[in-house]
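A.B. asks: no sequence on this one, just coordinates:
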């Protein structure tokens, strides 16, 4: 049960968005910009970064919903959610994405954890300054989103399958679409 009365039974950040519609709008716009706006990283790669950071933060709702979204950007196989927990042992990812995920993991611990060697490794793997920038910003933003969701003790379904439709909607319709009850 959430720490406060949200006056709805929606899971995770969705319940918080229904509670504070005025704060939902800019938070959704930020997610839309970070995860679907212009970037040399694909939306699927950016969703993987968001899911990975959320897993590192132990935020089940964000990890699973964004993992499902990443899966729907590719082949729709929800096993990606569990593979993210295993540091992408089964999913083929590029050396560049792996280096960017290493940076994201360090940002999750603290921004000053990222060092020159991490940046050099990403550059050697082909990452541009824009890709490094976007990775750091996604990681930092998802630390905020995760703390918002978990700091108010929202509930979240356990099973990956429960996130399938949400992930599909996030991947294909985005974060700023019309949502009944949020207008």
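C.D. replies: All right, it came through fine. If you're wondering where the values come from, they're calculated on a predicted model, not measured in any experiment. Residues are numbered from 1 along each chain as shown.

A.B. asks: Point out where the chain drops to low pLDDT.
C.D. replies: Low-confidence regions of the chain, defined here as pLDDT under 70, cover residues 178-183.

A.B. asks: in it, which spans are strands?
C.D. replies: Counting by DSSP state E, one finds no strands in the chain.

A.B. asks: Any buried residues in whichever helix in it runs longest, and which?
C.D. replies: Across the chain, the longest stretch assigned as helix under DSSP state H is helix 129-151. For helix 129-151, the buried set under the neighbour-count rule, 16 or more other CB atoms under 10 Å, comprises 131-132, 134-139, 141-143, 145-146, 148-150. From N, CA and C alone the C-beta is placed, and that goes for glycine too.

A.B. asks: tell me what it is packed against?
C.D. replies: Under the contact definition 3 or more CB pairs under 8 Å, 6 or more residues apart in numbering; DSSP states H and E, helix 129-151 sits against helix 12-19, helix 21-36, helix 43-56, helix 60-73, helix 95-109, helix 116-124.

A.B. asks: in the second one, what counts as buried?
C.D. replies: If I follow you right, that is helix 21-36. The neighbour-count criterion (16+ other CB under 10 Å) identifies 24, 27, 28, 30, 31, 34, 35, 36 as the buried residues of helix 21-36.

A.B. asks: Closest one of those residues to residue 86?
C.D. replies: Compare each of the buried residues of helix 21-36 with residue 86 using CB to CB and the shortest gap goes to residue 35, at 22.5 Å.

A.B. asks: From residue 171, how far out is the nearest residue to the closest one once chain neighbours are set aside?
C.D. replies: Across the structure, with CB to CB, 6 or more residues apart in numbering as the measure, the residue nearest residue 35 apart from its sequence neighbours is residue 46 (4.9 Å). Residue 46 is 11 Å from residue 171, where distance means CB to CB, to the nearest Å.

A.B. asks: Would you agree residue 103 is in contact with residue 137?
C.D. replies: No - applying CB atoms under 8 Å as the test, residue 103 and residue 137 come out as separate, 11.2 Å apart.

A.B. asks: Quick check: the residue nearest in space to the middle of the chain vs residue 130, distance?
C.D. replies: Within the chain, the residue whose C-alpha comes closest to the C-alpha centroid is residue 50; the distance, by CA atoms, centre = their mean, is 2.5 Å. The span separating residue 50 from residue 130 equals 17 Å under the rule CB to CB.

A.B. asks: for residue 101, same thing?
C.D. replies: Distance check for residue 101 against residue 130: by CB to CB, it reads 17 Å.

A.B. asks: Please apply the same query to residue 177.
C.D. replies: Going from residue 177 to residue 130 by CB to CB gives 26 Å.

A.B. asks: before we move on, the earlier item: pretty sure the residue nearest to the centre of the chain contacts residue 140?
C.D. replies: No - checked against CB under 8 Å, the pair residue 50 and residue 140 is beyond contact range at 11.1 Å.
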